[in-house]
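> coords please:
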Amino acid sequence: MSSSTLENDLNAMSIKPSEQSNGKSNGVEKPSDISAPPSKQSNGDANNGEKTSDVPTQEQSNGATNGHVKMSYTKPLAKKQPPVHIAGARMVSVATNIRKLTLPPNQLIYQHRATINIVMRKMDGKEVVVEMSSSKWKHVEHEKDKRICRAVYLKAVAQLDVLKDGGQCFYDGQATLWTLKDLGIGEEPLSVTLTEGVSRRKNFVRAQFLLDRPNGPPVSTDDIAKTVHENPSLADRRLLDALGIITAEAPSTNVDVFTIKGTHHYLLDSRQAGVHKYSPREGREESSVGATKSIKTLEGRDGAPGAYMTTEMKATFFHESIPVIEKLRSFAGFHPRLRREDRLAERILANMKGMIIQMNYGQYKNLGIDGILFKITGFGAPPKYQTFNFNGQEICVDEYFNMKHGLDIHYKDLMTIEAKGSGGTLCYFPPEYVLISPNQTVTREQMINGEEQIISPLAGGAPHFRRETTENVSETVGLISENMAAGLSVTAPLVVDGYILKSPEISRDSQFVEPMTLSNWAIVFIAGEEIPPFANIITEEMRRCGMRVNNPEFLFISPHDLSDAFIDSKKRKRELLLFITKMNRDAHKYIKAAEQRWDVLTQHIHFETAMRIIDKGHKTTLLGCIQKINMKLGGLNYQTDSTSLDEKTIVLGFATSQKPSGYDDTKLVAVGFASNCLDDTHKFLGGYKYVENGKDVYGEHLADILETALKAKKRQSDVKPQRVVIYFHGINEAMFPTVRNSYVEICEKVFYQRGKTYKPELTIIASTKLHNERLYMEDRGEIRNLEPGTVVSSVIVSPVYNEFYHTGNRPFRGTTKPTKYTVVYAPEPVNMEQIQTLTNDLCYDTQIIRAPISVPTPIHIAMDSAERGSAIMFVNQGPYLKRESGKVDYWRTNEEYTYIRKNLGNTRFNA
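Numbering: from 1, shown residues only. Just a heads-up that it's a prediction; the model follows:
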């Protein structure tokens with residue numbers, strides 16, 4: 001919108017009196033008392049107002065819609081089987097970061113609804129009520145709302161005698177307060193009104209704290225068995241929720257600790273835990289360590305479910321909370337005439353895009369927690385050139401700040417900061433008058449100074465170091481202590497039994513099992529960066545592996561235009577383009593986007609890698625490249641003697657990409673998939689589709705992908721699979737009802753459509769690494785990484801689900817993280833030995849390297865495919881939109897940006 005002040009926006013943003021009910025808003029609004037920063041109409045919605053995804057609760061389970069299918073959540077997961085004893089497996093001792101949580105007997109815990117309203121005065125004098133305790137924001141904004149609520153709560157406690165009994169009340173920072181005694185609240189809620197010491201905003205009127213009587217009957221510490229159920233929707237998780245808030249009380253009230261993402265507690269100074277603090281040379285960032293925890297009901301040793309707490313170390317970088325100008329000045333090459341078109345500005349934007357800032361001038365100076373937040377989207381022109389509409393006239397930012405606020409801008413020739421407010425309006429700020437909001441992590445995309453390498457000694461430290469540091473940090477933030485709240489106590493970390501599965505035998509012949517022919521291909525160099533000797537080296541090695549290869553042509557292209565090589569190759573029907581480019585050109589995603597567009601197969605090697613092969617004879621690296629090429633051409637590199645994967649078994653994997661696509665990732669996600677649907681059961685094919693981001697991202701295309709895989713299997717090998725195994729990666733427990741009810745039904749319908757009597761055995765497995773558990777090999781007092789194939793399937797697993805942890809690979813450095821598998825559906829009784837063996841064998845079947853990988857091959861390929869989809873979306877700068885509504889046109893986006901209609905879609909293009 002093109003308005004002179006954001007005060008005018010307030011009427012549109014805030015709640016009208018008629019929309020209020022009992023002083024509560026229908027949602028969270030961000031009323032504004034601010035004069036306009038220079039702005040222009042935004043063409044997109046702000047991310048700030050996106051709702052968080054709620055975990056289905058018992059109340060939501062009946063008739064709730066989770067994804068595209070309406071379900072009643074009535075079906076249990078596969079019946080849990082006793083531990084298996086697998087022949088040939090070697091027993092080992094496994095150390096963990098999991099502790100038994102001892103609860104005081106028959107302690108009643110009451111759940112209350114706490115409501116915190118903030119009342120502001122609008123420009124027209126009317127009051128607007130904001131229910132701060134029902135924040136629908138995410139990330140920085142959500143944590144800010146929680147800090148405001150906790151400040152109000154603490155002031156209210158001081159005025160309510162019934163809450164002054166220390167250690168009896170535990171607040172989650174939003175709408176829930178747990179108490180260890182009945183507070184005796186009647187029909188009318190407890191109420192406290194605060195008019196001072198709450199907000200620095202000039203238009204603040206009052207804050208109101210309301211506490212209702214308990215929501216239903218209390219939970220008891222003796223009810224731990226009720227927190228789990230083979231039908232997830234029937235589990236009463238309230239006790240676990242209460243324990244989660246109680247154990248977080250110490251770090252939440254520790255002045256030396258700040259909390260992000262609800263459960264990640266970081267130290268203001270990591271040296272408090274004896275951990276060194278790191279800072280990259282540019283960007284004004286600081287490292288910090290912290291700890292997170294999870295409370296779960298686990299099987300235990302005695303056969304009775306118990307509460308357990310897992311603590312895990314976290315390490316990352318944070319943006320310093322300083323004026324933006326100071327961050328800009330920290331970059332090498334900065335000068336006061338820096339423009340957004342400059343190469344340095346592009347680099348700085350990569351570090352700052354998406355960062356949250358707040359105004360820090362005039363009446364908004366030093367507002368702290370009450371500051372007005374904006375998200376950086378780019379850079380604008382300098383203040384004397386960047387204009388906007390103010391009261392119907394075009395005015396520059398420099399004039400506006402001088403006229404409206406009486407401020408002189410010192411950096412008149414420096415680019416401005418373009419940022420988006422909660423209403424979606426783009427605004428422009430002089431960098432000296434905006435402040436970086438505190439406690440913001442440096443995201444992976446913002447790490448432009450080698451932060452991942454700098455932090456790796458902490459985040460990826462050796463097993464013994466990581467375990468020791470986790471203990472120190474957990475104690476320092478307050479998650480673990482001798483005097484825990486509510487009479488809780490914890491044991492030392494558990495040591496449990498595990499076993500190492502036998503690895504499949506892999507053929508070790510020097511030649512490929514199925515070498516392919518490569519007749520018409522080319523090596524593509526950037527002009528001036530040619531290394532012709534590499535052609536002879538790779539060609540000879542291909543022939544040694546059994547491939548029939550003609551000598552390649554050489555193509556020389558401009559670094560700014562890849563299309564000529566693809567247009568020429570499409571015309572000449574080349575089978576492969578091998579690109580060699582320098583790492584600093586960041587060409588990979590652009591090469592792959594061109595591959596998808598032109599339907600011409602590619603392989604990409606960095607110039608530096610090729611030089612190491614030439615100069616130092618890195619044979620393993622060279623062989624890995626050639627193995628990828630042979631697989632892409634349809635070959636098979638080696639055989640495994642797996643007895644768990646036969647010709648009548650088809651295995652599918654699904655995964656999403658954790659890497660952003662450059663588009664608004666709250667609205668779109670790339671779903672990768674893979675299956676062994678080609679002419680050999682060890683050949684896997686991958687692909688991806690774009691879907692709307694939400695709780696259920698797999699269900700929409702499951703039927704189509706499964707049916708396509710079954711048809712391809714029949715067409716390629718003339719086999720009608722009698723066993724179908726599907727891995728869904730990244731799924732948490734909240735999604736189990738959807739998988740059990742909806743996905744099983746979808747699969748069965750696909751089978752029926754393939755023939756009324758066609759009923760293959762269906763097994764569905766949920767896998768994830770999004771957990772806090774770390775497992776280590778304990779050998780005569782020494783802590784080291786688990787060996788590949790290690791399984792833990794007792795004590796630290798669910799008492800009602802068929803679960804196991806599996807370590808697939810041996811990491812090059814750092815501490816390995818096991819993958820957790822849950823069998824959601826399978827023929828009864830579940831054959832856990834068969835499932836564990838298959839999972840282990842599939843970690844050896846990538847056909848790229850003969851060493852095992854961390855997850856089964858179909859999951860690995862699905863993950864790579866999803867990342868390919870995200871990269872292609874980034875290059876294409878977003879999806880196709882519908883002309884009428886402006887919403888994403890998923891059908892056209894999938895037609896244009898995936899391999900669905902491409903010849904390469906029938907190959908393993910992303911090997």
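> show me where the stretch 201-350 of the chain dips below the pLDDT cut-off.
Nowhere does the stretch 201-350 of the chain drop to pLDDT under 70.
> next: the chain.
Ranges of the chain meeting pLDDT under 70: 1-74, 166-167, 460, 658, 660-666.
> could you rerun that using 80?
Across the chain, the ranges flagged by pLDDT under 80 are 1-74, 164-167, 303, 423, 457-461, 508, 658-666, 812-814.
> how does it divide into domains?
Domain assignment of the chain by automatic domain parsing yields the ranges 1-30+108-220, 36-48+322-437, 236-319+451-489, 517-622, 649-764+779-785+830-906.
> out of those domains, nearest to residue 93?
Among these, the nearest to residue 93 by Cβ to Cβ is domain 649-764+779-785+830-906 (7.3 Å). (Glycine included, C-beta is placed from N, CA and C.)
> quick one on the thing from earlier: possible to save the domains of the chain as a markdown table with distance to residue 634 and mean neighbour count?
Shown next, in a markdown table, are these (distance: least, Cβ to Cβ, whole Å; neighbours: other Cβ atoms under 10 Å):
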| stretch | distance to residue 634 | mean neighbour count |
| --- | --- | --- |
| domain 1-30+108-220 | 44 | 17 |
| domain 36-48+322-437 | 38 | 18 |
| domain 236-319+451-489 | 35 | 19 |
| domain 517-622 | 10 | 16 |
| domain 649-764+779-785+830-906 | 8 | 20 |
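> which one, of these, ends up nearest to residue 226?
The nearest among those, by Cβ to Cβ, is domain 236-319+451-489 at 4.6 Å.
> surely residue 825 touches residue 77?
Yes. Using Cβ atoms under 8 Å, residue 825 is in contact with residue 77, at 7.1 Å.
> who has more neighbours out of those two?
Using other Cβ atoms under 10 Å as the criterion, residue 825 and residue 77 rank with residue 77 on top: 26 against 23.
> tell me the phi and psi of the more buried one?
Note on residue 77: backbone dihedrals following degrees, to the nearest 10 are phi -80, psi 170.
> what segments of the stretch 251-400 of the chain are helices?
According to DSSP state H, counting those that start in this stretch, the stretch 251-400 of the chain carries its helices in the segments 324-329, 343-352, 397-405.
> name the helices or strands packed onto the last one?
Contact analysis of helix 397-405 by 3 or more Cβ pairs under 8 Å, 6 or more residues apart in numbering; DSSP states H and E lists strand 387-390 as its packing neighbours.
> who does the strand it packs on pair up with?
With DSSP bridges as the test, strand 387-390 is paired with strand 393-396 (antiparallel).
> relative to the whole chain's centre, how far out is the strand it pairs with?
Offset of strand 393-396 from its chain centre (Cα atoms, centre = their mean, to the nearest Å): 42 Å.
> wouldn't residue 737 be in contact with residue 233 here?
Yes. Residue 737 lies in contact with residue 233 (Cβ under 8 Å); the separation is 5.4 Å.
> residues making contact with stretch 480-488?
By Cβ atoms under 8 Å, 6 or more residues apart in numbering, the residues outside stretch 480-488 that reach it are 99, 101-104, 107, 167, 170, 180, 243, 246-247, 249-250, 311, 471, 474-475, 489-490.
> that one: end-to-end distance?
By Cα to Cα, to the nearest Å, the extent of stretch 480-488 from end to end equals 10 Å.
> for the stretch 401-550 of the chain, just list every one of the strands.
Assigned by DSSP state E, counting those that start in this stretch, the strands in the stretch 401-550 of the chain fall at 416-420, 426-429, 434-436, 440-441, 489-490, 495-500, 517-518, 521-526, 548-549.
> and the ones you listed as a markdown table, adding distance to residue 668?
Formatted as a markdown table, those follow (distance: least, Cβ to Cβ, whole Å):
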| stretch | distance to residue 668 |
| --- | --- |
| strand 416-420 | 18 |
| strand 426-429 | 21 |
| strand 434-436 | 28 |
| strand 440-441 | 22 |
| strand 489-490 | 42 |
| strand 495-500 | 40 |
| strand 517-518 | 36 |
| strand 521-526 | 31 |
| strand 548-549 | 40 |
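> part of a helix, is residue 840?
Yes. Under DSSP: H, G, I helix; E, B strand; the rest coil, residue 840 sits within a helix.
> what residues does stretch 500-507 touch?
The contact list for stretch 500-507, computed with Cβ under 8 Å, 6+ apart, reads 86, 88-90, 92, 513, 638-642, 787-791, 836-837, 840-841, 844, 850, 852.
> in this structure residue 339 contacts residue 346, no?
No. When contacts are counted by Cβ under 8 Å, residue 339 is not listed as touching residue 346 (10.7 Å).
> quick check: neighbours shared by the two?
Joint contacts of residue 339 and residue 346 (Cβ under 8 Å, 6+ apart) do not exist.
> inside strands: which ones of the contacts of stretch 480-488?
Applying DSSP state E to these, the entries found in strands are 99, 101, 102, 170, 311, 489, 490.
> if we can go back for a sec, can you put the domains of the chain in CSV and add distance to residue 800?
Converted to CSV, those look like this (distance: least, Cβ to Cβ, whole Å):
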stretch, distance to residue 800
domain 1-30+108-220, 19
domain 36-48+322-437, 38
domain 236-319+451-489, 8
domain 517-622, 43
domain 649-764+779-785+830-906, 11
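> circling back to that earlier point, which among the ones in strands among the contacts of stretch 480-488 gets closest to residue 355?
If you rank those by distance to residue 355 using Cβ to Cβ, residue 311 comes first, at 29.3 Å.
> ok, for that closest one, nearest residue in space, not its chain neighbours?
Distances taken as Cβ to Cβ, 6 or more residues apart in numbering place residue 474 nearest to residue 311, at 4.2 Å, with adjacent residues excluded.
> ok, which pair from the ones in strands among the contacts of stretch 480-488 is furthest apart?
Pairwise distances across the ones in strands among the contacts of stretch 480-488 peak at 19.5 Å for 99 and 170 (criterion: Cβ to Cβ).
> circling back: in strands only, show me the contacts of stretch 500-507.
Using DSSP E, the contacts of stretch 500-507 in strands are 90, 92, 790, 791.
> next, format those residues as CSV and append neighbour count and distance to residue 370.
As requested, these are exported to CSV (neighbours: other Cβ atoms under 10 Å; distance: Cβ to Cβ, whole Å):
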residue, neighbour count, distance to residue 370
90, 12, 60
92, 18, 55
790, 24, 51
791, 26, 52
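> of these, which pair is most distant in space?
Farthest pair in the ones in strands among the contacts of stretch 500-507, by Cβ to Cβ: 90 and 791, 10.8 Å.
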